[in-house]
Each structure stands twice: as C-alpha cells, then as structure tokens.
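[1] Need a 3D model of the sequence below.
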Amino acid sequence: MQGIISDYVGFRQINYLCDVLLIILLLVVVCRKQITLTKTIKNIEIVSMVAFAVVVLIGWGLNSVTIPRAFWGIRNYGRFFLFYVLARALWTEDDVKPIEELFLKLFPIHMILIAFQYVVEGLNQDFLSGLFGKTGGGNGGLMIYLSIILCIAVCQFEYKKMSTRKFLCYLLLIFVNAALSELKFLFIMAILLVVWYLTMSKRKGRGMILALFFVIALYVGMQIFYYVFPFWADYLSFDNIMTILSDQEVYASQFDVGRTAVFSKLSPIITKWAGKDALLFGIGLGNGDYSDAFPILNSAFYNVYGLMHYTWLSLGYLFVEVGYIGTIAYISFFVILEIKAIVAYQKRSTYYNLLGTFFPMVFMIIMVYNSTLRSNYAYMVFAVLTWQTLADSGNEEE
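    The predicted structure is shown next:
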C-alpha cells in the first residue's frame, strides 16, 4: 500500500514509516517477557547474519566511514534481518495462513487498480504498478509481489487448494500485468519456476497439467507483451538470452554493470579505490551508498562511479560495500533457507514445505535482477521467508 499512499495521497514520508513500525515491533518483543528468541537463535540461518555483521565490522576497520553513512548502511540491510528475527519470534504457525490469505485478497484490488491506471490514467511500463504506485521504482515491488503470488498459485494448485479455473485465471492475470508493466524478466522467472516445480513435485501427472496451463498463459502474456512493446519482439530469443547471461548486457548506457558482470566489471574499480583487501571485505558498508532524500549520505564512491548503475542491483551494492566474503555471507542466508526447505520437503511433503523451496530461489534471482532487496518492498520477502519454518515447526509439534 506504500505506493498508493505515496502517489495518490501525497504522503511521501510513508517510506520511513516502516522503520518506525519496526522499532515499535522491537519494543514489543523486548517488553513482552513471555516471548523469547530462543527458537530463532537455534536456526542455522542466524550464522549468516552474524557472519555478515562480522564482515561489516572488518570493512569498517579497513576503511573509514562517517557515522551517518554507517548508520544508513546498517539501516538498509540490518532492518530486514531484524524483521526476520522478530517475525520468527512473534509469529506462530497459526499466523501463516492469514498472512498468506492477505496477499491473495489484495490481488483482485491490485488488478482493478492496474486496469484503472492503464485505461483511465494511460500508464504503462515502469509507471503501471497497481498497489505499488505510479512512479518509477514501484515496479520493483510489483516484481516481488507477482513472484510471490505466482509461487502461491503453483503450490496451491499442486495441493488442490486452488481450482483449475482459478489457477488459470491467476496465471493469465499475472502475465497480462507483467506484459503491460513491461516486467519482461518475469516471463523468464516463470519458466524457471515451472522447471523447478517439475523437479520438486511428487505428483508428476498433475505437474504435466500445470506445465500445460503455464505454457498457455505464458504464450498469451508474451503475445500481449510483443503487441504493446514490439521493439522487444526478440526478448526470449536465444541470442538475447545469451546477451543477458553475458558481460555484454547494457540496459541504460555503455558504462553499465551488467547483471552477470558485477564481479568482472567492478573488481578493478574497487581495487583501484581501496586496494586488494577491498575485494574481500568491500570499501565499507555505507561508503558506496546514496540517498535522494538526504544528499549528505551520498558517498564519494557513488559520486564518481554512480553512472555505472551498480546501485540498480542488490548484488552490485553488496560487492562494492562488503566484498566477496560479505556477499557470500549475505547470499548464504537464502541458500541455507533453500536447503532447509528442500530437506523438510523430502521428509514431509507438505504445502508450506514445497512453497518454502520456491521463495529463497526466487529472491536470489531478484537479487541479481534489481535492487529491491534494499527497499521497503523487501519486507514482503523476509515475511514470506518465515512461513516454511513456522509451518513446519507446527507439524513437528503435532
């Protein structure tokens, strides 16, 4: 709802309301003595958070950073880890289903708003984001939301929680929205998801039916996409996919850091800026950052190399500020959750265990695709990442 409040009501400060709510949530956990974090501390993904924090401290030891930029850097990463820990402490398996239903109940409202923005307001591409507003950047939240809805729809269909007609309707609406909003990468994401589903599913017959519906809906969505944006007619061609996967990808200027060229293009620049140690630990959390609202937070590195658009990619941000080791520590959080979900699904083939194998993989892909894992939209990411562990812990207690 942030986009609606920001763009239609005009309350731009909503961007920082989430920070205030997080502080209130922290106070609630501290004040309610019956709630402990022991069940969270036992989870191995906490090791990734601690390792990331250690790398940050080492980076600060090797590179000077101003206090405001240090706090800004902590805020841009630490708030989501903190939210995950607090959510794991406060929520139980009984809270998972209502939160999931909220995501689904908002979808019709979102699609109505998409129709209004497209037909009445004449919006498209990056400005057609429904619940996520009508300004540039809202499509990042849209990408996360549609990916979550797509994963839920697939898994609900697998476990017969969603009818065939409803499932096909969800697929068509998701792909039509992606087409009109020029979320072309969502089509590639969808293909990866169906491949992953066919790999994980233990109901191969139903999997083939799902794949057929996917092909039909994907074809319809792509035809709409090609009609609205004919200059992208070869987007899914073999040559273009190879370009996306190579160092040659350029999406704004010749200076761009391609999505798959973060390490090769930024390594010599980081070494030149802060020495070889910076390749391991980065130039310091906050030293590669910037802020539209607070220019004082704009770093010297960003002022020089911002034109390379490394700030458009979460992976680019990570590598610049915390180096190889910090990037590995951060990504390991998602890898651990992925492995835990796969192991849990092999032991108990439940709905949430299957769903849990989708989310970490999707968000690791999004980490490479854009920088939304640093925005308020990432609260959706870290919220749904708790579902599998919460639901599975309930099954174990039973």
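[2] Val65 sits in which helix or strand?
    If you go by DSSP states H and E, Val65 is not part of any helix or strand.
[3] Break down the stretch 51-200 of the chain into its helices, ranges please.
    Secondary structure of the stretch 51-200 of the chain (DSSP state H, counting those that start in this stretch): helices at 67-90, 93-119, 138-158, 164-180, 184-200.
[4] Give me whichever of these is most buried.
    Neighbour counts (mean count of other CB atoms under 10 Å) averaged over each of those peak at helix 138-158, with a mean of 23. C-betas here are computed from N, CA, C, even on glycine.
[5] Past the longest helix anywhere in the chain, which element shows up next along the chain?
    Secondary structure of the chain per DSSP state H: the longest helix is helix 314-347. Downstream of helix 314-347, the first helix or strand assigned by DSSP H and E is helix 351-369.
[6] Packing partners of the very next helix or strand once past that following helix?
    Remark: after helix 351-369, the chain's next helix or strand is helix 378-384, criterion DSSP H and E. Applying 3 or more CB pairs under 8 Å, 6 or more residues apart in numbering; DSSP states H and E, one finds that helix 378-384 contacts helix 67-90, helix 138-158, helix 351-369.
[7] orientation of the second one relative to helix 93-119 in degrees?
    Spelled out, it's helix 138-158. 120 degrees (axes from the mean of the first three to the mean of the last three CA atoms, to 10 degrees).
[8] what's the average pLDDT for helix 138-158?
    Per-region confidence: helix 138-158 scores 94 on mean pLDDT.
[9] So which of the helices of the stretch 51-200 of the chain is nearest Phe263?
    Phe263 sits nearest to helix 67-90 of all these, at 19.3 Å, using CB to CB.
[10] so how far is the closest one from its chain's centroid?
    In terms of CA atoms, centre = their mean, to the nearest Å, the centre of helix 67-90 is found 16 Å from the chain centre.
[11] So which elements touch that helix?
    helix 17-31, helix 38-41, helix 45-62, helix 314-347, helix 378-384.
[12] related to what we said a few turns ago, measure how the longest helix of the chain sits relative to helix 184-200, angle-wise.
    Using the same axes, to 10 degrees, helix 314-347 lies at 20 degrees relative to helix 184-200.
[13] which helices and strands does helix 314-347 pack with?
    Looks like helix 314-347 contacts helix 45-62, helix 67-90, helix 262-274, helix 277-281, helix 351-369, helix 387-397 (3+ CB pairs under 8 Å, 6+ apart).
[14] Just name the most buried of these.
    helix 351-369 (a mean of 22).
[15] By mean pLDDT, which helix or strand of this structure comes out lowest?
    Within the chain, no helix or strand scores below helix 38-41, which has a mean of 59 by mean pLDDT, DSSP states H and E.
[16] can you list the helices of the stretch 51-200 of the chain in TSV and add distance to Tyr352?
    As requested, the helices of the stretch 51-200 of the chain are exported to TSV (distance: least, CB to CB, whole Å):
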stretch	distance to Tyr352
helix 67-90	14
helix 93-119	7
helix 138-158	8
helix 164-180	18
helix 184-200	13
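[17] looking at those helices, which is closest to Phe358?
    Nearest of the helices of the stretch 51-200 of the chain to Phe358, taken as CB to CB: helix 138-158 at 4.2 Å.
[18] would you list the helices and strands packed on helix 67-90 in CSV and tack on distance to Arg75?
    Shown next, in CSV, are the helices and strands packed on helix 67-90 (distance: least, CB to CB, whole Å):
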stretch, distance to Arg75
helix 17-31, 7
helix 38-41, 21
helix 45-62, 12
helix 314-347, 13
helix 378-384, 12
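[19] How about the longest helix of the chain, which residues are buried there?
    For helix 314-347, the neighbour count (16 or more other CB atoms under 10 Å) marks 314-334, 336-338, 340-342, 344-345 as buried.
[20] and the helices and strands packed on helix 378-384 as a markdown table, adding distance to Phe213?
    Listed next are the helices and strands packed on helix 378-384 as a markdown table, based on distance: least, CB to CB, whole Å:
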| stretch | distance to Phe213 |
| --- | --- |
| helix 67-90 | 33 |
| helix 138-158 | 8 |
| helix 351-369 | 17 |
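[21] now the stretch 101-250 of the chain, which segments are flagged as low pLDDT?
    Scanning the stretch 101-250 of the chain with the threshold set as pLDDT under 70 gives 204, 236, 238, 240-250.
[22] hmm, try it at 90
    123-127, 133-139, 184-185, 188, 198-215, 218, 222, 226-250 (pLDDT under 90).
[23] quick one: which of the helices and strands packed on helix 314-347 is nearest Val28?
    helix 67-90 (7.4 Å).
[24] Tell me how many other residues surround Met208.
    11 (other CB atoms under 10 Å).
[25] for the strand or helix carrying it, which positions count as buried?
    Per DSSP H and E: Met208 is located in helix 204-228. Neighbour-count burial for helix 204-228, counted by 16+ other CB under 10 Å, picks out Gly207, Leu210, Phe213, Phe214, Ala217, Leu218, Gly221, Met222, Ile224, Phe225, Tyr226.
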